[in-house]
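S.K.: Structure of the sequence below:
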Amino acid sequence: MVRIHTINLKKIKMKLLIGLVFLCVIGIIKLQESKSFSININFNSKISNYLKGQSLDSRSYKKILEETIPYVEDYSNVGHTSDNFFSKSFLLLTGISWDNLNTVIEIIVPTAKYFNINSQEYAQNIMEIGGAFEEYKNSHQIIQDEEDYYDLEDENTDIFEDPFNNTGIKYTKEQLADMNFLQRNIYNFEGNLILSQKDLPVLNLMNKDLSIKKKSNKPQILIFHTHSQEAFLDSSPGDLDEGVVALGEKMAKTLHEKYGVGVLHHKGQYDVVNGKLMREGSYERMEPALKKIIKENPSIEVVIDIHRDGVPDNVRLVSKVNGKSTAKIMFVNGICKTMQNNKLVDIKSLPNPYIEENLAFSLQMQLKGNELYPGFLRKIYIKPYRYSLHLCPKSLVVEVGANTNTFEEAENAIEPLCEILAEVLELKESNY
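M.R.: Next up is the predicted model:
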């Protein structure tokens, strides 16, 4: 699964300003030390005019951002660090190393100035908005083929044996009112996220009515896959019958046949462009199609985006359910908020009027799952962004197993997942 991309322009400007001041100070020192330094005084203006005349696309600015801004984790999955920020800045923007600093100063300043102005356009373009990017349609490269590794913290990754049916986990109100208890047992918060009871009113969330009334011959549950190409340890490359799409098909069939509810399984491939894998931009490409489906099918009340997680090769997320080796499940919530100066603030570019309902849905699924199948569910993962959760109040992002699970283990997780969902939605088993 891939993060939704956002950039804080104020932070970009401030970091770049600090970097430029630092570069200028070093440059002045070097200039004073060197008597042989001489560059035509008009060179700066020539460089600036040359850059203004170039038709650099947004990917060019992205490359500059990823290589030069030290807080790339706010928007990029590449995972670069800031250890060699200044040296990379020199090398990328000028092709000159630290060892020849005297030839840099007059070049780097106008280049950085021009980059700072134009990067604003790119930053606005990669915000999560409706519609697809034209640049994706014309690309013939595989832009992104990396996993978004979640922090496992101290999760128990051993096989959980459940020899008794009465070992379900239930929690007291006192436990659920304790944020420390919640973080130890129910939730993982990404990075530096700090949530309070106000942000996560668990006692209220667990009591929300999420039941639905079955309607004959109308779809009430929509299942889809933002990342349709996600597969498993033994899956055949490119075979959708051995990946998350096949899991969605089995889930749709189980819910319809066992619980008698109408299910629409959408098999759109939004991580493929021109026959090439491109996970980046999948959420933007997915959104218009999903909104159209929901508009044309107003009976839909539940929207489920099925993924599979990416973990290190030595991690096995396996449980024992109904005597079968079964991949573990994880629910993911995006809260559309991020930390600034130790405060949780809204990401205004990612509005979601259904955050509370989203949180209630995942929490009730978690509590019921722990009650029915202890050890089957990983902790709910809370992230800053939005994903597909703004499409419907009862929206759920589900990670079924990981890249280290076999397809059979992942497939074994679907039946208990459907049972948990049926319990939360109060769907009774069908008589036919």
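S.K.: and G168, how many neighbours does it have?
M.R.: 14 (other C-beta atoms under 10 Å). (Glycine included, C-beta is placed from N, CA and C.)
S.K.: again, but for E426
M.R.: Neighbour tally, E426, other C-beta under 10 Å: 12.
S.K.: What strand or helix carries the closest residue to it other than its chain neighbours?
M.R.: Leaving aside its sequence neighbours, E426 sits nearest to S211 (C-beta to C-beta, 6 or more residues apart in numbering; 3.8 Å). Under DSSP states H and E, no helix or strand contains S211.
S.K.: Then G401?
M.R.: Going by DSSP H and E, G401 is part of strand 394-402.
S.K.: and that strand, average pLDDT?
M.R.: Per-residue pLDDT over strand 394-402 has a mean of 97.
S.K.: helices or strands next to that strand in the packing?
M.R.: Applying 3 or more C-beta pairs under 8 Å, 6 or more residues apart in numbering; DSSP states H and E, one finds that strand 394-402 makes contact with strand 302-309, strand 324-327, strand 329-334, helix 355-372, helix 407-412, helix 414-425.
S.K.: Quick check: which of the ones you listed is nearest to V272?
M.R.: For these, proximity to V272 was assessed by C-beta to C-beta; strand 302-309 is nearest, at 15.2 Å.
S.K.: Residue ranges in the stretch 201-350 of the chain under the pLDDT threshold?
M.R.: For the stretch 201-350 of the chain, the stretches with pLDDT under 70 are 216.
S.K.: For it, just list every one of the helices.
M.R.: 202-205, 244-259, 282-296 (DSSP state H, counting those that start in this stretch).
S.K.: Quick one: residues contacting M286.
M.R.: 224, 226, 268, 270, 388 (C-beta atoms under 8 Å, 6 or more residues apart in numbering).
S.K.: Need the max-distance pair from those.
M.R.: G268 and S388 (12.1 Å).
S.K.: Please enumerate the shared neighbours of these two.
M.R.: By C-beta under 8 Å, 6+ apart, the residues touching both G268 and S388 are 224, 286.
S.K.: neighbour count winner among the two?
M.R.: A direct count of neighbours by other C-beta under 10 Å for G268 and S388 places S388 higher, at 21 against 16.
S.K.: Would you map out the domains in this structure?
M.R.: Here the domain parsing of the chain from automatic domain parsing is 9-127, 173-425.
S.K.: for N188, helix, strand, or coil?
M.R.: strand (DSSP: H, G, I helix; E, B strand; the rest coil).
S.K.: All further residue positions should be reported with the first residue as 711.
M.R.: Sounds good: first residue 711 from here, last item N898.
S.K.: mind checking how far it is from K1093?
M.R.: To K1093, N898 is 9 Å away according to C-beta to C-beta, to the nearest Å.
S.K.: thinking again about what came up before, just the ones of the contacts of M996 in strands?
M.R.: F934 (DSSP state E).
S.K.: Next, the buried residues of stretch 1065-1076.
M.R.: Buried positions in stretch 1065-1076, judged by neighbour count with 16 or more other C-beta atoms under 10 Å: 1065, 1067-1076.
S.K.: who's in contact with that stretch?
M.R.: Everything outside stretch 1065-1076 that qualifies as a contact, by C-beta under 8 Å, 6+ apart, is 896, 910-912, 914-916, 918, 920, 1041-1046, 1062, 1087, 1089-1090, 1099, 1103-1106, 1130-1131, 1134.
S.K.: CA atoms only for that stretch - export them in PDB, please.
M.R.: Taking Å, rounded to 0.1, in the frame of the first residue of the first chain, the C-alpha atoms of stretch 1065-1076 are listed here in PDB:
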ATOM      1  CA  ILE A1065     -13.600  10.100   9.800                       C
ATOM      2  CA  GLU A1066     -15.500   9.300  12.900                       C
ATOM      3  CA  GLU A1067     -17.600   6.700  11.100                       C
ATOM      4  CA  ASN A1068     -14.500   5.200   9.500                       C
ATOM      5  CA  LEU A1069     -12.900   4.900  13.000                       C
ATOM      6  CA  ALA A1070     -16.000   3.300  14.400                       C
ATOM      7  CA  PHE A1071     -16.100   0.800  11.600                       C
ATOM      8  CA  SER A1072     -12.500  -0.400  12.000                       C
ATOM      9  CA  LEU A1073     -12.800  -0.400  15.800                       C
ATOM     10  CA  GLN A1074     -16.000  -2.500  15.900                       C
ATOM     11  CA  MET A1075     -14.400  -4.900  13.400                       C
ATOM     12  CA  GLN A1076     -11.300  -5.100  15.600                       C
END
